[in-house]
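# Return a 3D structure for these sequence lines:
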Amino acid sequence: MFLIRSGAIDGYQQLVLRLGQNPVELIAAAGLSDAQLRNPNTYVSYSKLAELLEISASACNAPRFGLLLSELQTSSVLGELAITLSQQPTVGDALDSVNRYLYLHARGVRLNKVKTGDTITLELAFDISSPRGIDQLVQLSVGQLATFLTDLVGPERKPLALLLRQKPRESDSVAQRNTSGSRVRFGAACDGVRFSRQVLVRRPHIDEAAMRRHFSDLIKLLEQRYPGNLRDQVRDVMGQLLPSGECTVERVAATLDLQPRVLQKRLQQCETSYAGLLRETRLDIAEQHLRAHTMAITDLALHLGYAEVAIFSRNFKQWTGHSPRAWQKLHQAPA
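Numbering: from 1, shown residues only. I've put the predicted structure just below:
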């Protein structure tokens, strides 16, 4: 089963209400619950989300529902993925890293970069299906990709071209413009975004205000989830940062709005340490995936922030007395 962060449809209820329908009823019609979608970092079935978007487009009589939803969003819907990629040296480096980190946001979608003359096309490919189709999901994903890229390039960007293989409806022209001025072209050869090749060498634009809002919201969420429990707050942040390869005491402390020295001191008062919590977090995540067979061991090592699978295997054996594969066999669930 392919999964996606529920934060991908941020603004959904607002849009449905604006279009005169009841979002809770539509969510239930897709076999989901409103509670599932309240935490943006909850993962839900990709195909179910596609079904919800198709149901909503039909009920709202909005054939461009996915594009409309993407126009309400910012890059923050991508969660840690957007922040991780904005730290790369150039826009080109960030785009080269997308597929490595894309699973932080969604599993079942791939991004291909195609160079043609002076232009670059980022083509989206989906490995999922839905009984009602995935047209709206494709619209949403292309719109989100365009938003992320324009945020990455900066406010002085030139308009992008949004490409959709979907045939235009009678009410749609072949080429339209969205609210940012970018051209939306239906009936294209691929689904994706096209832009000037010169963009690749630019340094990523970092929206400091957006990053502050993101971390402020995260702190509030952690305080609600683990009131007064610094140990669990730190482990939660570690779990989010490990896949990016940037889980450092400085980054964890900054996320919690603390100085690294202060964080270390408070952890000592809790009779633990940063290194100890990092080991616990990695072990817990590793055992969960190994027991459920949800990830290959090589991918699991990357997910836990290791540059080499051999280092992960050596550490895991020190913690448990078994290699990852041997541990997995010992804890094989009965058929």
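# Every contact and neighbour count from this point should use C-alpha atoms.
Will do.
# ok, and the closest non-adjacent residue to Y43?
R5 (4.5 Å; C-alpha to C-alpha, 6 or more residues apart in numbering).
# So what's the residue count around the one you found?
Other residues within reach of R5, judged by other C-alpha atoms under 10 Å, total 24.
# cool, and the one 10 residues further on?
Each residue near L15 was counted by other C-alpha under 10 Å, and the total is 18.
# So it lies in a helix, does it not?
Yes: assessed with DSSP: H, G, I helix; E, B strand; the rest coil, L15 lies in a helix.
# who touches it in this structure?
Going by C-alpha atoms under 8 Å, 6 or more residues apart in numbering, L15 touches L68, L69.
# now the residue nearest to Y43: how far from L102?
Note on R5: its distance to L102, by C-alpha to C-alpha, to the nearest Å, is 11 Å.
# Equivalent analysis for R282, please.
Taken as C-alpha to C-alpha, the span from R282 to L102 is 20 Å.
# before we move on, what about T294?
16 Å.
# Now the helix or strand harbouring A57 - C-alpha only, PDB.
Element membership for A57 (DSSP states H and E) is helix 46-59. What follows is helix 46-59, C-alpha atoms only, in PDB (Å, rounded to 0.1, in the frame of the first residue of the first chain):
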ATOM      1  CA  TYR A  46      -2.700   7.300  -1.400                       C
ATOM      2  CA  SER A  47      -5.500   5.700  -3.400                       C
ATOM      3  CA  LYS A  48      -8.100   6.700  -0.700                       C
ATOM      4  CA  LEU A  49      -6.900  10.300  -0.900                       C
ATOM      5  CA  ALA A  50      -7.200  10.100  -4.700                       C
ATOM      6  CA  GLU A  51     -10.800   8.800  -4.300                       C
ATOM      7  CA  LEU A  52     -11.600  11.600  -1.900                       C
ATOM      8  CA  LEU A  53     -10.500  14.200  -4.400                       C
ATOM      9  CA  GLU A  54     -12.500  12.700  -7.200                       C
ATOM     10  CA  ILE A  55     -15.600  12.500  -5.000                       C
ATOM     11  CA  SER A  56     -15.100  16.100  -4.000                       C
ATOM     12  CA  ALA A  57     -14.600  17.300  -7.600                       C
ATOM     13  CA  SER A  58     -17.800  15.600  -8.700                       C
ATOM     14  CA  ALA A  59     -19.900  16.800  -5.700                       C
END
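# Pull the residues that contact it.
1-4, 16, 21, 26-27, 29-32, 63-66, 106-108, 128-137.
# Pull out the buried residues from these.
2-4, 16, 26-27, 30, 32, 63-66, 106-108, 128, 134-137 (16 or more other C-alpha atoms under 10 Å).
# if you look at those, which of them are in helices?
Among the buried ones among the contacts of helix 46-59, DSSP state H puts V16, L26, I27, F65, G66, D135, Q136, L137 in helices.
# could you redo these as CSV and give each row pLDDT and distance to Y274?
Converted to CSV, these look like this (pLDDT from 0 to 100; distance: C-alpha to C-alpha, whole Å):
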residue, pLDDT, distance to Y274
V16, 97, 44
L26, 96, 44
I27, 94, 40
F65, 97, 45
G66, 96, 42
D135, 96, 45
Q136, 97, 43
L137, 95, 40
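# any idea which of those is closest to S75?
Nearest to S75 among these is G66, at 15.5 Å by C-alpha to C-alpha.
# From G143, how far out is the closest one?
Counting by C-alpha to C-alpha - G66 and G143 are separated by 8 Å.
# If you count neighbours, what's buried in stretch 33-52?
37, 40-41, 43-52.
# Where does confidence bottom out across these?
Within those, the minimum per-residue pLDDT falls on N41 (67).
# Okay, the residue lying closest to Y46 once chain neighbours are set aside and Q144: tell me how far apart.
The shortest distance from Y46 to any non-neighbouring residue, by C-alpha to C-alpha, 6+ apart, is to L3 (4.9 Å). Separation of L3 from Q144 (C-alpha to C-alpha): 17 Å.
# before we move on, what about L102?
13 Å.
# between these two, who's got more neighbours?
It is Q144, of L102 and Q144, that has more neighbours when counted by other C-alpha under 10 Å, with 25 against 17.
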